[in-house]
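>>> sequence unavailable; structure follows:
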């Protein structure tokens, strides 16, 4: 968020934490579970949108706790990682190619998460990568989950995927070499 805050300070000559409300507060936007259209943007004071978001979360947790907990813990993650924002690109390529990209995206997301989970505790470098990723993710989970906002998290997942792939290659290579040496009686 720091680069965004600096840009806002330079451009608008004031500190803007989230938004001023012209396009809607992203924090308030994140308080509409599963995008059911429960926010009446026309009747919300633009100067108090953050406070309205806090009120909606408190009210939602009191009235429908399972829905709101599921939305905050699982629903937003699904929006972030199950869809891939590519703008109008899928409409300009063959369908099979667009589908291949979606499957590759899903595969790399899963591989990155598995890599961070497996090696995050045992390897300090991956541990730091995992902590940075989780901090980034936790900040984004407070706001409206828009799939294009996941792009800042993809490098973390790509590095974890690459690490997992290289460790798998090393494991297979060592098993193959050991097997060959044992066959030769060495």
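In hand now; what should we look at? These numbers come from a predicted model, not from an experiment.

>>> what residue lies at the spatial centre of this protein?
Closest to where the C-alpha atoms of the chain average out (Cα atoms, centre = their mean) is residue 150, at 4.3 Å.

>>> next up, the contacts around it.
Counting by Cβ atoms under 8 Å, 6 or more residues apart in numbering, residue 150 touches 80-81, 85, 140. Every C-beta, even on glycine, is put in place using the N, C-alpha and C of the backbone.

>>> list the buried residues in the longest helix along the chain.
Longest helix of the chain, by residue count under DSSP state H: helix 154-184. Using 16 or more other Cβ atoms under 10 Å as the test for burial, helix 154-184 gives 154, 156-157, 159-161, 163-164.

>>> quick one: that helix to chain centroid distance?
27 Å (Cα atoms, centre = their mean, to the nearest Å).

>>> over to residue 136: give its phi and psi.
The phi/psi pair for residue 136 (degrees, to the nearest 10) reads phi -60, psi -50.

>>> residue 157 is in contact with that one, correct?
No: using Cβ atoms under 8 Å, residue 136 makes no contact with residue 157, being 10.6 Å away.

>>> sorry, back to before: which SS class is the residue nearest to the centre of the chain?
What DSSP: H, G, I helix; E, B strand; the rest coil gives for residue 150 is helix.

>>> tell me the pLDDT at it?
Model confidence at residue 150, given as pLDDT, is 84.

>>> repeat that for residue 158.
Looking at residue 158, the pLDDT reads 91.

>>> that'll do, ta.
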